[in-house]
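# Structure for the following, please:
(2 chains)
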Amino acid sequence: MREPITISFSGGSALLLQSNSSRFDEQFQKRIWSLATDLQAAPGFTETVPGMNNILALFNPEEIAPEEARRELTERWAKAQPLPRRGKTVEIPVIYGGQNGEDFKPWARHCGLAPLEAAQRHAAGTYQVAAIGAMPGFPYLSGLDPALAIARRSTPRLAVPVGSVIVGGAQAAVMPQTSPSGWHIIGRTNIALFDPHRDEPSTLAPGDIVRFTIEDVWL
Amino acid sequence: MAVKVISPGLSTSVQDLGRPGYYHLGIPEGGGMDRFATRIANLLVGNDPGAALLEATFMGPELEFTEAATVAVTGGELPPKVNGEERPTWESFPVKAGDRLSFGYLKGGARAYIAISGGIDVPVVLGSRTTYVLGALGGFEGRVLKAGDELPIGAGSGKAGKSLPANLRRPQISPAELRMLPGLYWHRITEAAGKRFFEDTWKVAPEADRIGYRFRGGAPLEFVEREQPFGAGSDPSNIVDACYPYGSIQVPSGTEPIVLHRDAVSGGGYMMVGVVISADMDLIAQLQPHTPAKFAPVTLDQALAARADNAKLMARAEEYLAG
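As a prediction, the model looks like this:
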């Protein structure tokens, strides 16, 4: 039988634990959150970075031998129970299409839907923040309607504007800052997702619920 | 006390020993890319090793001092000049009010560290004064320096004439040998391609910055066939987004390896063939474009031994400067 997870070293001071399944699994993700919290108190571990379907655990090899760290991680994972975390709900109003959503129509066409219908289905979903990462405050959202999935662009854009509402593969997200990205831009929001001068710099945290609302649709 | 920026150089930013602990918000640790040079420059001017200083890339800035201070320049061989007169590197020297600090052409390495007694007193953002340009946060207004900027300097007094002898510095060897731990996606490339990866001499590409160093000139990687995971991109080098630490070697499209450095994002969708060991990351910070480099596989034990050696080199230098 295939092991459900793989734990491997990423260099001499980090371990990556990841699911062997390439599909998103809510229960698995909840165990990741639980492990992330648990590891904060583990001696020798310096930082944990929950990803989607995976978690990176950084440790100080002067405090804990790498093989010891691997054993520790393996044992703590075995004990990790799904953390029934349901955070705050954040509403994100979206202007779909137009010049701020240049992939909106081709995306709708790819999904075999009329543009308005595609926007409605995107806004009908309940999304959950699986992880924050890739750039300050960037939320990896689970819960995209499979009918709305689309492979990433073969050539990433060098500057996708802040506030862009995007889809890539089976994932949805919002750009917290202007950055390169290979995801498709379907709309724009004015909600700020990141401000380093706030007590909580990131608007969203793992477990939070996101709902998109239709502010307008440019057809 | 302040320092006026007359001209900024090519890419000069405020750095310190970084902003650890925010990976989970998508913020990399950052900080001086050459940690050894960062710490030593500060110690030479009597600062805490983690004080904020300037990191200048390839070309130095021109600065004017409003008050007297002690200055030291370490890292790449970027010869400092005070009012046009050359000063040594790796040695502290005094500047008076009204003096101008400029730099000659880079003679070796890639990045110079300019420490000023008292340190650069920009606001602390999320625990550090380091500039993270991509996230527009920290440092001086979250960006590289521009002409006309005025940098606030903290209170401090250094002693001129303090220096670190060459035998206590890290030697720069050419071609650079970058030791790496083969990573979890190593099995995704063919055995022959893996062998070539270590045999080939690579060259630093012009796209080499704080985010990552791209290498060119070796054979493209050949991938083992696989079924594309859902959620990953269509290229064979795509994986489902994963987190990766700095030092990770990505090979987008399998053609040119990129070693992620201090400002790299905390995750992404390209497979990592391995991780350059922490002891060699300072070395990369000092590689100019077109410099030859080879990758060499090491074991975890060798990586840890190298890490300990690196710490010893640092401790010896610190001990010398404290004495």
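
# what residues are up against the nearest residue to A:Phe104 once chain neighbours are set aside?
Excluding the flanking residues, the one nearest A:Phe104 by Cβ to Cβ, 6 or more residues apart in numbering or on different chains is A:Gly97, at 3.7 Å. From N, CA and C alone the C-beta is placed, and that goes for glycine too. Neighbour list for A:Gly97: A:Phe104, A:Lys105, A:Pro115, A:Ala119, A:Ile186, A:Gly187, A:Val217, A:Trp218, A:Leu219 [criterion: Cβ atoms under 8 Å, 6 or more residues apart in numbering or on different chains].

# what do you get if the cut-off is 6 Å, keeping everything else the same?
Residues near A:Gly97 by Cβ atoms under 6 Å, 6 or more residues apart in numbering or on different chains: A:Phe104, A:Val217, A:Trp218.

# From those, which land in helices?
Those of the contacts of A:Gly97 mapping onto helices are A:Phe104, per DSSP state H.

# Closest to B:Thr89 out of the contacts of A:Gly97?
Closest to B:Thr89 out of the contacts of A:Gly97 is A:Phe104 (55.1 Å), distances taken as Cβ to Cβ.

# and that closest one, what does it touch?
Counting by Cβ under 6 Å, 6+ apart, A:Phe104 touches A:Tyr96, A:Gly97, A:Ile186.

# And for residue 69, the neighbour number?
Picked chain A for this. 25 (other Cβ atoms under 10 Å in any protein chain shown).

# let's do chain B instead
Using other Cβ under 10 Å, the number of residues around B:Ala69 comes to 23.

# Which parts of chain A are helices?
Taking DSSP H to define them, one finds helices in chain A at A:26-39, A:66-79, A:104-110, A:115-124.

# any idea which of these is most buried?
Most buried of those by mean neighbour count (mean count of other Cβ atoms under 10 Å in any protein chain shown) is helix A:26-39; its value is a mean of 20.

# Show me what that helix is packed up against.
In terms of contacts (3 or more Cβ pairs under 6 Å, 6 or more residues apart in numbering or on different chains; DSSP states H and E), helix A:26-39 is packed against strand A:45-50.

# do the strand it packs on and chain B meet?
Yes - part of strand A:45-50 sits near chain B under the criterion Cβ under 6 Å from any Cβ of the partner chain, namely A:Glu47, A:Val49.

# For that strand, which strands pair with it and how are they oriented?
The strands beside strand A:45-50 in its sheet (DSSP bridges) come out as strand A:54-59 (antiparallel).

# Check what contacts the strand it pairs with and list those residues.
A:13-18, A:32, A:39, A:44-49, A:69, A:73, B:242-243.

# Can you name the residues of the stretch 1-150 of chain B that neighbour chain A?
Taking Cβ under 6 Å from any Cβ as the contact definition, the stretch 1-150 of chain B meets chain A at B:Tyr23, B:His24, B:Leu25, B:Gly26, B:Ile27, B:Val125, B:Leu126, B:Gly135, B:Leu137.

# Could you report the distance from the third one to A:Asp195?
Going back to what we said before, that points to B:Leu25. The gap separating B:Leu25 from A:Asp195 is 11 Å, by Cβ to Cβ, to the nearest Å.

# Between these two, which is the more surrounded one?
Taking neighbours as other Cβ under 10 Å, B:Leu25 and A:Asp195 compare with B:Leu25 leading, 24 against 15.

# ok, now which ones touch the more buried one?
B:Leu25 makes contact with A:Ile132, A:Ser202, according to Cβ under 6 Å, 6+ apart.

# Next, give phi and psi for it.
phi -100, psi 0 (degrees, to the nearest 10).

# Please tell me how far it sits from B:Leu17.
From B:Leu25 over to B:Leu17 the distance is 19 Å, taken as Cβ to Cβ.

# do A:Gly101 as well
For A:Gly101, the distance to B:Leu17 - Cβ to Cβ - is 42 Å.

# Who has more neighbours out of these two?
Per other Cβ under 10 Å, whichever of A:Gly101 and B:Leu17 has more neighbours is A:Gly101, with 24 against 21.

# which residues touch the residue nearest the centre of chain A?
Among the residues of chain A, the one closest to the centroid is A:Tyr140, at 1.4 Å (Cα atoms, centre = their mean). Applying Cβ under 6 Å, 6+ apart, we find A:Tyr140 in contact with A:Met52, A:Ala130, A:Ala131, A:Gln171.

# measure the last one to B:Leu287 for me?
When distances are taken as Cβ to Cβ, A:Gln171 and B:Leu287 turn out to be 35 Å apart.

# for the third one, same thing?
The gap separating A:Ala131 from B:Leu287 is 33 Å, by Cβ to Cβ.

# more crowded one of those two?
Legend: neighbour count by other Cβ under 10 Å for A:Ala131 and B:Leu287, higher for A:Ala131 (29 against 25).

# now the helices for chain B?
Counting by DSSP H, the helices of chain B are B:35-44, B:191-199, B:281-285, B:300-322.

# Turn those helices into JSON lines, including mean pLDDT, mean neighbour count and distance to B:Ser11.
Formatted as JSON lines, those follow (pLDDT from 0 to 100; neighbours: other Cβ atoms under 10 Å in any protein chain shown; distance: least, Cβ to Cβ, whole Å):
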{"stretch": "helix B:35-44", "mean pLDDT": "98", "mean neighbour count": "26", "distance to B:Ser11": "16"}
{"stretch": "helix B:191-199", "mean pLDDT": "91", "mean neighbour count": "15", "distance to B:Ser11": "30"}
{"stretch": "helix B:281-285", "mean pLDDT": "95", "mean neighbour count": "23", "distance to B:Ser11": "13"}
{"stretch": "helix B:300-322", "mean pLDDT": "95", "mean neighbour count": "15", "distance to B:Ser11": "26"}
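
# A:Asp208: which of these is closest?
The minimum distance between A:Asp208 and the helices of chain B falls on helix B:281-285, with 34.4 Å, by Cβ to Cβ.

# now what about the closest one, what contacts it?
B:Met33, B:Asp34, B:Arg35, B:Phe36, B:Arg111, B:Ala176, B:Tyr213, B:Gly247.

# ok, so of the residues you listed, who is nearest chain A?
Chain A has its nearest neighbour among the contacts of helix B:281-285 in B:Gly247, at 5.4 Å by Cβ to the nearest Cβ.

# List the beta-bridge partners for the residue nearest to A:Phe104.
A:Trp218.

# again, but for B:Phe93
B:Val71.

# so what strands line up beside the lowest-mean-pLDDT helix or strand in chain A?
Here the helix or strand of chain A ranked lowest by mean pLDDT, DSSP states H and E is strand A:179-181, holding a mean of 85. Applying DSSP bridges, strand A:179-181 is found paired with strand A:157-160 (antiparallel).

# In CSV, list the C-alpha atoms belonging to the strand it pairs with.
C-alpha atoms of strand A:157-160 as CSV (Å, rounded to 0.1, in the frame of the first residue of the first chain):
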residue,chain,number,x,y,z
ARG,A,157,2.5,37.5,-16.7
LEU,A,158,5.2,39.6,-15.2
ALA,A,159,2.9,42.0,-13.4
VAL,A,160,-0.6,40.9,-12.3
